[in-house]
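Colleague: Predicted model, plus sequence, below.
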Amino acid sequence: MSVFNIYLLRHGELVETGVLCGRSDIALSNTGKQQLIEASQGLVDISQCYSSPLIRCRAFAESYCQQVDISLQITADLKEMDFGDWDGQSYQTLWQPQNSTKNAENALTLGDFWQNPWQCQPPNGETMASFTARIDSFWARLLHQFEQTVQKEQQQCRPKNTLVVSHGGVIRYILAKVLGLPIPGVNHMANIDVPYGALIHIQVSIDSNGKAWSKLML
């Protein structure tokens, strides 16, 4: 059986705090930069790296890949969810109903979304179906790459370590997939905490039939 390792790394703390950051391209604070430096010390023999194009992920990924001399692949599939009109607003504001509007969509709160993200779309934002579909696409391509590697080598292959630099929402959903949580579902949004600078290890095994099996390594 051939084994591959995937390391999911969430970006660090941002220069702007207390706001909802989806598509907003906000840079890391000095603390956030240090969080990623410390997290990366646990990485060994990384052979490829994928990153969200947003600066809070991309800046570190570019620096790390240059340091270890590997190629970086930027993919929009790894971007955080687009929260539409909510993007860049303070959490304090978003937790409160917008009573002044007659538009029921704009009366939604962030709390409504967290309780049922599949039914509560952020105003002018991305649906959960669209968000998860692009992550599914990335994950399927990555596992297919591993399967193809094994088929081509026709032998026990050396573990290939992949770094994925992305966002809290993206990583939560990948964990939900790996853990087999119900999808559509809300458990991964409410019950999985992925702090700034978190480094999560997923191991992928390719069986004798060429099928990929993923598991969370604690």
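Modeller: That came through, no problem.
Colleague: pLDDT score assigned to Asp82?
Modeller: For Asp82, the model assigns a pLDDT of 97.
Colleague: Could you list which residues are in contact with the residue nearest to it when sequence neighbours are not counted?
Modeller: Nearest non-adjacent residue to Asp82, counting by C-beta to C-beta, 6 or more residues apart in numbering: Glu126, 4.0 Å away. Yep, even glycine has a C-beta here, placed from its N, CA and C like the rest. By C-beta atoms under 8 Å, 6 or more residues apart in numbering, the contact set of Glu126 is Gly22, Met81, Asp82, Phe83, Gly84.
Colleague: can I assume the last one is in contact with Asn124?
Modeller: Yes. If you go by C-beta atoms under 8 Å, Gly84 and Asn124 touch, sitting 3.7 Å apart.
Colleague: got a markdown table for the contacts of Glu126, with secondary structure, distance to Val194 and neighbour count too?
Modeller: Formatted as a markdown table, these follow (DSSP: H, G, I helix; E, B strand; the rest coil; distance: C-beta to C-beta, whole Å; neighbours: other C-beta atoms under 10 Å):
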| residue | secondary structure | distance to Val194 | neighbour count |
| --- | --- | --- | --- |
| Gly22 | coil | 15 | 20 |
| Met81 | coil | 14 | 27 |
| Asp82 | coil | 19 | 17 |
| Phe83 | coil | 17 | 24 |
| Gly84 | helix | 22 | 15 |
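Colleague: In JSON lines: these, plus distance to Arg172.
Modeller: Output for those, formatted as JSON lines (distance: C-beta to C-beta, whole Å):
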{"residue": "Gly22", "distance to Arg172": "14"}
{"residue": "Met81", "distance to Arg172": "10"}
{"residue": "Asp82", "distance to Arg172": "16"}
{"residue": "Phe83", "distance to Arg172": "15"}
{"residue": "Gly84", "distance to Arg172": "19"}
